[in-house]
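Student: structure here, sequence nowhere to be found:
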């Protein structure tokens, strides 16, 4: 299971705020993928509402724990080699400072 499939599976349990439909795999479009991050565009397949972009850190152990897999076979497709350390307060502050420093024209940094 690749990172995009993991993210699609994660969002499949969430609903659109406009039409109350569950997101499907076509609702999540890959924009960019790096070693530890993935950027996706989220658009409701049912009503077309563009919910924007999401930048997600890829921590397969955490995603595996947060997803409800149908079978153990499906669960085994995710690599567990990464440590499952929780994010720290300092990391949240650093991320906030980073994104705050991008300014009002932050979209110029997106591909």
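Tutor: Looks like it came in fine. Bear in mind that the values here come from a model prediction, so they are computed numbers and not experimental data. Residues are numbered from 1 along each chain as shown.
Student: how near is residue 24 to residue 90?
Tutor: Distance, residue 24 to residue 90, using Cβ to Cβ, to the nearest Å: 37 Å. C-beta here means a position set from N, CA and C on the backbone, and glycine is covered the same way.
Student: look at those two and report which has more neighbours.
Tutor: For residue 24 and residue 90, the more surrounded residue by other Cβ atoms under 10 Å is residue 24, and the numbers stand at 13 against 8.
Student: which ones are touching the more buried one?
Tutor: The contact partners of residue 24, taken as Cβ atoms under 8 Å, 6 or more residues apart in numbering, are 12, 45.
Student: quick one: the helices in the chain?
Tutor: Counting by DSSP state H, one finds helices in the chain at the ranges 3-11, 60-66, 72-75, 89-100.
Student: least reliable of those by average pLDDT, please.
Tutor: Note on these: helix 72-75 shows the lowest mean pLDDT, a mean of 52.
Student: partners of the residue nearest in space to the middle of the chain in the sheet?
Tutor: Nearest to the mean C-alpha position of the chain, by Cα atoms, centre = their mean, lies residue 56 at 4.2 Å. Beta bridges link residue 56 to residue 38, judged by DSSP bridges.
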